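S.K.: Quick one, fold the following:
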Amino acid sequence: MAALDDAVEQAYRDAGLNFRPRFYPYFRLLMARDSASVGECVAALGFTQPAATQTLQTMVREGLIESVPARDRRERRFILTPAARAMIPDLEAAWAATAGAARALDAALPQPLGATVDAALEQLQRQSFGDLIKKERAR
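M.R.: Next up, the predicted model:
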C-alpha cells in the first residue's frame, strides 16, 4: 500500500500540486459541504479524532484550508482556501488519472485489488493484525 501511496504522492508533485494522498477524503468532504468541524470529519470519514485533527492542522499549515468560527463561536469549522479552490481542476485531473491507473492495475491482476483490500479490511475488523501477530508468536 505504501508503494501505491508514494506513487500517488509523486504524481501530485509531478503535476506541481502541493497535495498528499491523506488529504483527499477531507478535501473531497469540504468540496461537498463547504465547511466541516473536526467532529463532522470524524463522523463522515471514519478516522479517529486525533488523526483527523492532525491532518486538518497539516492542511492548514499547507494553506489548503483555514479554520473559521461557527455560528455559535464555540466550535471551529474548516473551509477550503481560495488557493485550494483554484487547485480543484488540476486535482480532479490527477484523481481521474489515478482512478484510470487503478482500473488498469485491477485489469492486470487475477482479482481486483479493491475487492481484495475490502475483504482484508473486513477481516481485520473481525480480528486485528496485532492479534494475528500475537497468535503467530504464541505458536
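S.K.: how about stretch 55-74: buried residues?
M.R.: Buried residues in stretch 55-74, defined by neighbour count with 16 or more other C-beta atoms under 10 Å: 55-56, 59, 64-65. From N, CA and C alone the C-beta is placed, and that goes for glycine too.
S.K.: Of those residues, which belong to helices?
M.R.: Among the buried residues of stretch 55-74, the ones falling in helices (DSSP state H) are 55-56, 59.
S.K.: which residues of the chain score low on pLDDT?
M.R.: Applying pLDDT under 70 to the chain flags no residue at all.
S.K.: tally of neighbours for Leu121?
M.R.: Leu121 is flanked by 9 other residues according to other C-beta atoms under 10 Å.
S.K.: Same check on the one 10 residues further on?
M.R.: If you count neighbours by other C-beta under 10 Å, Asp131 ends up with 11.
S.K.: Can you give the distance of the host helix or strand of it from its chain's centre?
M.R.: Assigning secondary structure by DSSP states H and E places Asp131 in helix 129-137. Distance, stretch centre to chain centre, for helix 129-137: 27 Å (C-alpha atoms, centre = their mean, to the nearest Å).
S.K.: Kindly export it (C-alpha atoms) in CSV.
M.R.: As requested, the backbone C-alpha atoms of helix 129-137 are provided in CSV (Å, rounded to 0.1, in the frame of the first residue of the first chain):
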residue,chain,number,x,y,z
PHE,A,129,-3.4,-7.6,12.6
GLY,A,130,-1.9,-7.1,16.0
ASP,A,131,-3.9,-10.1,17.3
LEU,A,132,-2.8,-12.2,14.3
ILE,A,133,0.8,-11.3,15.1
LYS,A,134,0.3,-12.3,18.8
LYS,A,135,-1.3,-15.6,17.7
GLU,A,136,1.7,-16.3,15.4
ARG,A,137,4.2,-15.5,18.2
